[in-house]
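Enquirer: turn this into a model:
(chains A and B, ligands or ions: 2)
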Amino acid sequence: MDYFVHIAILIGIYSILALSLNLIVGYTGLLSITQAAFYGIGAYVTAILLTSFGMNFFLSIVIGMIITGVVSLAIGYVLSKFDGDYFALGSFGFNIIVYSIFLNWQSLTRGPLGIPGIAKPVLFNIDFSNNFYFLIMVAVFALLVYFISQFITRSSFGRVLKAIREDEKAIEVFGYNTLFFKLTIFVIGAMIASIAGALFASYITYVDPTSFALSESIFILAIIILGGLANNKGAVIGAVCLVILPEALRFVGFPSDIAAQMRQVTYGLILILLMLYRPQGLIGEYKL
Amino acid sequence: MNILETKKITKHFDGVYAVDGLSVGFEKGKITGLIGPNGSGKSTLINLLTGVIQIDGGSFVISSKEEISKILPHEVSDYGITRTFQEVRLFEQMPVLDNIFVVLTKRNVFSSLFETHKKFHLERAEEVLKKVDLWEKRNDLAKNLSYGQRKLLEIGRVLAMSNGFGDDSDIFFLDEPFAGLFPEMRKIVIGVIQHLKEQGKTVILVEHNIDIIRELCDHIIVLDNGKLLAEGIPNDVLSKREVMDAYLGE
Ligand SMILES: Nc1ncnc2c1ncn2[C@@H]1O[C@H](COP(=O)(O)OP(=O)(O)OP(=O)(O)O)[C@@H](O)[C@H]1O
Ligand SMILES: [Mg+2]
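Expert: Ligands and ions are numbered 1, 2, ... in the order given. Got it, this is the predicted structure:
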């Protein structure tokens, strides 16, 4: 039972991440591979505020969102100078930079040692160190993020994002200053990812840089490509699949000495097959 | 009265002058034909005046206001300018209806975030899409339309710009809107252009078909190598020797 609760919590956290990145990649067509950086900032802010200042968890989420918002605005502005593949490469670079900061700003982050002992929140006498309650909290946040994503993508604003993705020059000529739209969604997406970071930090009670490396950004990207770009349900379905898949592969019975590697290979293979035969993902509305 | 005038406007690509110190005017409320052989700079001129490419030299003036020597794409609709593209540029992976809605809704980030399309958007889109015979196709993705329907959807999109809300456009640049259309569809586009004129709009029409030019245009401007070769009323200009030579000699 505890195992399933654990998996469900991870699904919730990755759903939030996938929804946030889908706004940027799926709806706006900005191939950003730096979402783990914002996820990490959210996680570290909560970790530091809780361990060093004993701050309230929920307040730390808000502060994490603000800090991530400012950082992502700066990153988004620099990235707005790039197009297409260069945007992807640039975003790559930022993930690496933020990762190195987590690793090397030792006085703040304790570097590779990470920050242990992050407390679980308590709210109205509900003690979230009970995993089941924690799951409910994650689910509430995930639902909230889902509805916010739906709200954004169904608005006129959301339609402009899609038009930017399809032909930015053309939509500009019709009177849209696309830079503002791109920055806004980039910052919103980053702030949402920071919520996932705070939840993760509190759940695992420990953060270290490895959770927020480039590979994590690629994993989040794989989730939304699998589930289907520009579809909020697709992001959630993708998260369910890719969190469960490696777990399911545990039971396939690979010899134990190569099990971990085989899981990676199988997982890669499934992604490649999917891209070959269903490039729009499971229920996607947009092909890269 | 000229609604738009260029003043020695210039654009070169790697030493080739696509538009070469060109000074021309477009009269308000009239249909002006912009003609010339392939590569004479017609599309480049439109791209300059709509911010799609940047001006190298010279400027232009709209409604006798300040001289503009640098304009960004998102600013052109503020000046009442809208356009179609020679190579159709639609929002491909979006339904036909959304291709129209997107030019009807609010331009501002925050107000658009709290807006969804409303009944009057739908009515306006219906009106426009019926004009270009695409209402039945409203839920199809733009990329699944036929070539001619795609051209018509671009026309519909600029028509939606001539509305009472959002940005009300006065100047319409249409870059070869008839190219590759069947006669039925040509009729639709001719009707749309005539209707724009009746509403007092200014149309600048790039077109190779001389019959259509004669039928629609009040005035024509002939470009050759980015320079003005001739201008005047269609019958006069089209009978000029140098104009025929430029066309035949291409
Ligand atoms: N982006 C560009 N880069 C380089 N050269 C260009 C570019 N755009 C146009 N040109 C050149 O500028 C010249 C004018 O091109 P333009 O497209 O304006 O001609 P046009 O009159 O519209 O021709 P057509 O009737 O074939 O559409 C041509 O020599 C063309 O090759
Ligand atoms: Mg042209």
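Enquirer: near ligand 2, which residues of chain B show up?
Expert: Residues of chain B lying close to ligand 2 by Cβ under 5 Å from the ion are B:Lys42, B:Ser43, B:Gln86. Yep, even glycine has a C-beta here, placed from its N, CA and C like the rest.
Enquirer: now, those that are in helices?
Expert: Among those, DSSP state H puts B:Lys42, B:Ser43 in helices.
Enquirer: if you rank the residues of chain B next to ligand 2 by neighbours, which is first?
Expert: Of these, B:Lys42 is surrounded by the most neighbours, 27 neighbours in total, counting by other Cβ atoms under 10 Å in any protein chain shown.
Enquirer: how deep is the residue in the stretch 101-250 of chain A positioned nearest to ligand 1 tucked in, by neighbour count?
Expert: The minimum distance from the stretch 101-250 of chain A to ligand 1, using Cβ to the nearest ligand atom, falls at A:Lys169 (12.3 Å). The tally of other residues near A:Lys169 (other Cβ under 10 Å) stands at 16.
Enquirer: cool, B:Ile204 as well?
Expert: Per other Cβ under 10 Å, the neighbour tally for B:Ile204 reads 26.
Enquirer: show me the helices in the stretch 51-200 of chain A, by range?
Expert: A:57-79, A:84-104, A:106-109, A:131-154, A:156-173, A:178-204 (DSSP state H, counting those that start in this stretch).
Enquirer: can you flag the weakest of these by average pLDDT?
Expert: Among the helices of the stretch 51-200 of chain A, helix A:106-109 has the lowest mean pLDDT, at a mean of 84.
Enquirer: roughly how far is it from the heart of the chain?
Expert: 23 Å (Cα atoms, centre = their mean, to the nearest Å).
Enquirer: dump it to PDB, keeping only the CA atoms.
Expert: Coordinates of each C-alpha in helix A:106-109 appear next as PDB, following Å, rounded to 0.1, in the frame of the first residue of the first chain:
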ATOM      1  CA  GLN A 106      28.200  25.400  -0.900                       C
ATOM      2  CA  SER A 107      27.500  27.900   1.800                       C
ATOM      3  CA  LEU A 108      23.900  28.000   0.600                       C
ATOM      4  CA  THR A 109      23.200  24.600  -0.800                       C
END
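Enquirer: show me what that helix is packed against.
Expert: Here helix A:106-109 touches helix A:35-53, helix A:84-104, going by 3 or more Cβ pairs under 8 Å, 6 or more residues apart in numbering or on different chains; DSSP states H and E.
Enquirer: list the buried residues for it?
Expert: A:Thr109 (16 or more other Cβ atoms under 10 Å in any protein chain shown).
Enquirer: now stretch A:114-122
Expert: Buried, per 16+ other Cβ under 10 Å, within stretch A:114-122: A:Gly114, A:Ile115, A:Ile118, A:Lys120, A:Pro121.
Enquirer: now do the contacts for the residue nearest to the second one when sequence neighbours are not counted.
Expert: The reference is to A:Ile115. Excluding its sequence neighbours, the residue lying closest to A:Ile115 (Cβ to Cβ, 6 or more residues apart in numbering or on different chains) is A:Ala47, at 4.3 Å. Residues near A:Ala47 by Cβ atoms under 8 Å, 6 or more residues apart in numbering or on different chains: A:Ile115, A:Ile118, A:Ala201, A:Val207.
Enquirer: next, work out how far apart the last one and A:Ile97 are.
Expert: Spatial separation of A:Val207 from A:Ile97 under the definition Cβ to Cβ, to the nearest Å is 18 Å.
Enquirer: quick one: which of the two has more around it?
Expert: Shown here are A:Val207 and A:Ile97; by other Cβ under 10 Å, A:Val207 has more neighbours (27 against 12).
Enquirer: domain-wise, how is chain B divided?
Expert: Domain assignment of chain B by automatic domain parsing yields the ranges B:1-80+B:170-177+B:201-250, B:88-169.
Enquirer: if you compare the helices and strands packed on helix A:106-109, which one is most tucked away?
Expert: Per residue and on average, the most neighbours among those fall to helix A:35-53, with a mean of 26 (mean count of other Cβ atoms under 10 Å in any protein chain shown).
Enquirer: what angle separates that one from helix A:57-79?
Expert: Comparing the axes of helix A:35-53 and helix A:57-79 via axes from the mean of the first three to the mean of the last three Cα atoms, to 10 degrees yields an angle of 140 degrees.
Enquirer: and of the buried residues of stretch A:114-122, the nearest to A:Pro246?
Expert: A:Gly114 (22.3 Å; Cβ to Cβ).
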